Each structure stands twice: as structure tokens, then as C-alpha cells.
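Visitor: Dropping the sequence and predicted coords here.
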Amino acid sequence: MRLALAQLRPTADRAESLERALDAMRRAARSGAEVVVFPELAVEPFFPRCRRPEGGPRSGARAGAPGTNPVSEPIPGPTTDRVAALARELSLVTVFNLYERDAQGRTFDSSPVIDADGALLGVTRMVHITDYEGFHEQDYYDPGDCGAPVYATRACRLGVAICYDRHYPEYMRALGVACADVVAIPQAGTLGEWPEGLYEAEVRTAAFQNGYFAALANRVGEEGELTFAGESFVCDPEGVVLARGARLEEDLVVTDLDLGKAARSTARRLFWRDRRPELYERWLGRDEG
């Protein structure tokens, strides 16, 4: 199976950014890709870098500091309709990411997963919501309530871990328990955000421990005080990096995956065989402290 990561630099012009994302889908299809993965907030400025104006709505605002005027939309909705139509035309499984608003007015960091026939298979919503300098996500997102689904796409069994969720071993293990062959990671990662090497190391470790491919698609470019690194990458179920995107530049990272490696992985041959799940609920269910 051939997979592409669309490492993009969204701009303040959302319509232009969407057209560029659709063009990335076309380029991925021309390369022979069967699956394409987009970064976090694929066609939006990274608005969580700024605090939401006090008293302002979570979505639909058109005033305030730069980056604090995102417009959320339903799924399905205008953006996913266009992405799904092109996915159908190109026969391309597509993992997108956008700012979702549901019927109750809640807002989420969400990845619709669209199959090669254009069908919306479901939506993964980011579960763990952070807040620290440059990443004021609790101002904008409700915690995801869809669990950690794995989708039976035309190309593979595919799970999604949106950005911050990748730091949680419990979430990454849940995707393995659900038999994901590939885990897509829409990411917004900056230069120097974590100690040297950890950007890749924790994802490579999760792939090795759980026996799946991990495909991380990162943003790129300067936005205010943040510099998104790019350096998207794909690693196999043994934690070996197969492909890596450019640093600080837009890129389309294309690589071939032998899905049989998941079934033959060390995790599925050994680690999973010797698991003791009857113990884990008692250990992990303890109150902190």
C-alpha cells in the first residue's frame, strides 16, 4: 500500500489553503498513493496559539487578536463535502483535520476519515486537550467523545491519533487493541518543543509496542512566535523510519507500506501474546496520588 503525507503551510486565506490541500490530494493520487494524511488544522491558521478573547464564542468569531477568529463547521459540512468528492474521484482514502462544531454547539479538533469511494466512515475527535504557551487548546476544544475508533478503509485498517493524543500510551494501545494496521497522526509540532529525539522516538516506540505503522503529518511554517517544523515521517511496526519530510518546507512524503509487517511484527508475535489485561484495569484505575 502506498501512503502520502501532505506537509502543508496553511495561510490566513482559508479558501486558498483548501485549494492547496485539494491539489495535494491530486498530487498524492498521481504518485500512486492509496491513502493521504493531512496535518492538524489542515486549512486553518493555528488559532490555539492565542487565547480566545474573554467572553467571545468558541467559534464563528470575527474579531480579536490574530489567530483567534476560527470558524468551525459541522461534519459533514462544506469542507468535508469537497474533500469527499475529490476522494471519490481519485479513489483516495483521506484523513483530514479541521475545527468541528456539532449540533449542540460543542467544538472539537476532529479528523474525518473518508474512504476511497468518498464515504465518510467516521470522525475521530482529539480526547486530551492541553493548555500551555502557544497551545491554548482548552479555550477552543471540548474533549473528544468518540473513543479511539479504527476504520476498515478500502486500503487498510486505520486509526487516528490527533496531535496531543499521541503522548498517551493508553490511547496508542487502544488503537492496537482494535487491530489498526496504520495509525495516522495529524500533528502541529514546533521546533524545539520537546527534548532532542523525542519527536520521533515516542511514535516509533508506540509503533513497536503495538505492531502498526505510524504516519505523522506535521504542519510547517512560522505563525507568530511558533515555527512548525515539518519533518513528517512514517515508521514501520518495528519502529524503523521509512520516510521523512523536509525540515521547514512544504513536502509530499510518499512511501510504500507492506501491511503484512503488522501481522508479523514483534508486538503481535510476542508482546500481545503475553499481555495480562486482567491486571491493567486495577493498576490504571487507581486514583492519582
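Guide: Done, it's in. This one's a predicted model, so the numbers in the text were calculated from it and none came from an experiment. Numbers count the residues shown, from 1 in each chain.
Visitor: State the mean pLDDT of stretch 80-100.
Guide: On average, the pLDDT along stretch 80-100 is 98.
Visitor: buried ones in it?
Guide: 80, 83-84, 86-88, 90, 92-100 (16 or more other Cβ atoms under 10 Å). Every residue, glycine included, has its C-beta placed from N, CA and C.
Visitor: Over to stretch 36-53?
Guide: Buried, per 16+ other Cβ under 10 Å, within stretch 36-53: 36-50, 52.
Visitor: and it, how far from the chain's centre?
Guide: Put simply, stretch 36-53 sits 12 Å off its chain's centre (Cα atoms, centre = their mean, to the nearest Å).
Visitor: Format the CA atom coordinates belonging to it as PDB.
Guide: What follows is stretch 36-53 as a C-alpha-only set of coordinates in PDB (Å, rounded to 0.1, in the frame of the first residue of the first chain):
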ATOM      1  CA  VAL A  36      -3.300  10.600   2.200                       C
ATOM      2  CA  VAL A  37      -2.900  12.100   5.700                       C
ATOM      3  CA  PHE A  38      -3.100  15.800   6.400                       C
ATOM      4  CA  PRO A  39      -1.700  17.900   9.400                       C
ATOM      5  CA  GLU A  40      -3.700  19.200  12.300                       C
ATOM      6  CA  LEU A  41      -6.000  22.100  11.200                       C
ATOM      7  CA  ALA A  42      -5.100  21.400   7.600                       C
ATOM      8  CA  VAL A  43      -6.500  24.600   6.100                       C
ATOM      9  CA  GLU A  44      -6.600  27.000   9.200                       C
ATOM     10  CA  PRO A  45      -4.000  29.300  10.800                       C
ATOM     11  CA  PHE A  46      -3.000  27.700  14.100                       C
ATOM     12  CA  PHE A  47      -5.500  29.700  16.200                       C
ATOM     13  CA  PRO A  48      -4.900  28.000  19.500                       C
ATOM     14  CA  ARG A  49      -1.600  29.900  19.700                       C
ATOM     15  CA  CYS A  50      -3.600  32.800  21.000                       C
ATOM     16  CA  ARG A  51      -6.000  33.000  23.900                       C
ATOM     17  CA  ARG A  52      -9.700  33.200  22.900                       C
ATOM     18  CA  PRO A  53     -11.000  36.700  23.600                       C
END
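Visitor: Good, we can wrap up now.
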